[in-house]
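Asks: how does the following fold in three dimensions:
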Amino acid sequence: MSIMSTAEMQRVSGEFQQVQSPATLRGKLEQADALIVRLLARHSITLLRVSIGLVYVWFGALKFVPGLSPIEGFIREALPFLPGDLFMPFLAGWEVLIGLLFISGKFTRLTIFLMLAQMGGAMSPLVLATDKVFNTFPYGWNLVGQYIFKDIILVSAALVVAATARGGGLVSDARLLKRDRQK
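Replies: Numbering: from 1, shown residues only. Down below sits the predicted model:
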């Protein structure tokens, strides 16, 4: 996780102080807003990546202990063709690995690939077992369906992280972004 060093904090504070001190409240608010946006642009992808990792480690670790994961019964019921006593620890290890890779920030492409493969399986009941995820098809989710459908947020967040795999990041200055888009 990227935490601002003392030197970085002094630099950002210096940038904040170098801007002419506006006399108006609006100017001060704009100045504070610009600082906050720069900090968010610099650190929010890291926070997003680590957050995804923590969710994966936590949910995966629950699957190592029989009966602890709230989704275990559903997995065993929805996938009766898989030997549950072997599959659950395999799935647990896979999810914990994905989480640790997200947290580490290493091997981003591999991490995203492993996650998308896992999500293909995790979200498959939305198509393959609709009777188990809907109270009223196609709009009335049951609790398990909601649990699975929310994974769309994790996939979207992972795709944002994937967009930084080559060293990219967020840009806090719209003028720079507009200039780059015109090239």
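Asks: and the residue of the chain positioned farthest from its centre, what element?
Replies: Largest separation from the mean C-alpha position in the chain: residue 23, at 40.4 Å (C-alpha atoms, centre = their mean). Per DSSP states H and E: residue 23 is located in neither a helix nor a strand.
Asks: begin at 59, not 1, for the rest of this chat.
Replies: Yes, from this point I'll number from 59; that puts the last item at residue 81.
Asks: gap between it and residue 93?
Replies: 18 Å (C-beta to C-beta, to the nearest Å). In short, each C-beta sits where N, CA and C put it, glycine included.
Asks: ditto for residue 159
Replies: Distance, residue 159 to residue 93, using C-beta to C-beta: 32 Å.
Asks: which one of those two has more residues nearby?
Replies: Shown here are residue 159 and residue 93; by other C-beta atoms under 10 Å, residue 159 has more neighbours (21 against 16).
Asks: contacting residues for that one?
Replies: When contacts are counted by C-beta atoms under 8 Å, 6 or more residues apart in numbering, residue 159 touches 111, 165, 168-169, 172.
Asks: so for it, what's the pLDDT?
Replies: Residue 159 is assigned 98 on the pLDDT scale.
Asks: and it, what helix or strand is that in?
Replies: Assigned by DSSP H and E, residue 159 falls in helix 142-162.
Asks: right, and the helix or strand after that helix?
Replies: helix 166-181.
Asks: buried ones in that following helix?
Replies: Neighbour-count burial for helix 166-181, counted by 16 or more other C-beta atoms under 10 Å, picks out 166, 169-170, 172-173, 176-177, 180-181.
Asks: can I get the helix holding residue 159 in CSV, CA atoms only?
Replies: Output of helix 142-162 as CSV, limited to C-alpha atoms (Å, rounded to 0.1, in the frame of the first residue of the first chain):
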residue,chain,number,x,y,z
GLY,A,142,-17.4,-30.3,-2.4
ASP,A,143,-14.8,-31.5,0.1
LEU,A,144,-12.1,-31.0,-2.6
PHE,A,145,-13.5,-28.1,-4.4
MET,A,146,-14.1,-25.8,-1.4
PRO,A,147,-10.5,-25.8,-0.2
PHE,A,148,-9.4,-25.3,-3.9
LEU,A,149,-11.7,-22.4,-4.3
ALA,A,150,-10.6,-21.0,-0.9
GLY,A,151,-7.0,-21.1,-1.9
TRP,A,152,-7.7,-19.6,-5.3
GLU,A,153,-9.6,-16.7,-3.8
VAL,A,154,-6.9,-16.1,-1.1
LEU,A,155,-4.2,-16.1,-3.8
ILE,A,156,-6.2,-13.6,-5.9
GLY,A,157,-6.5,-11.4,-2.8
LEU,A,158,-2.8,-11.6,-1.9
LEU,A,159,-1.9,-10.7,-5.4
PHE,A,160,-4.2,-7.7,-5.4
ILE,A,161,-2.7,-6.5,-2.1
SER,A,162,0.8,-7.0,-3.3
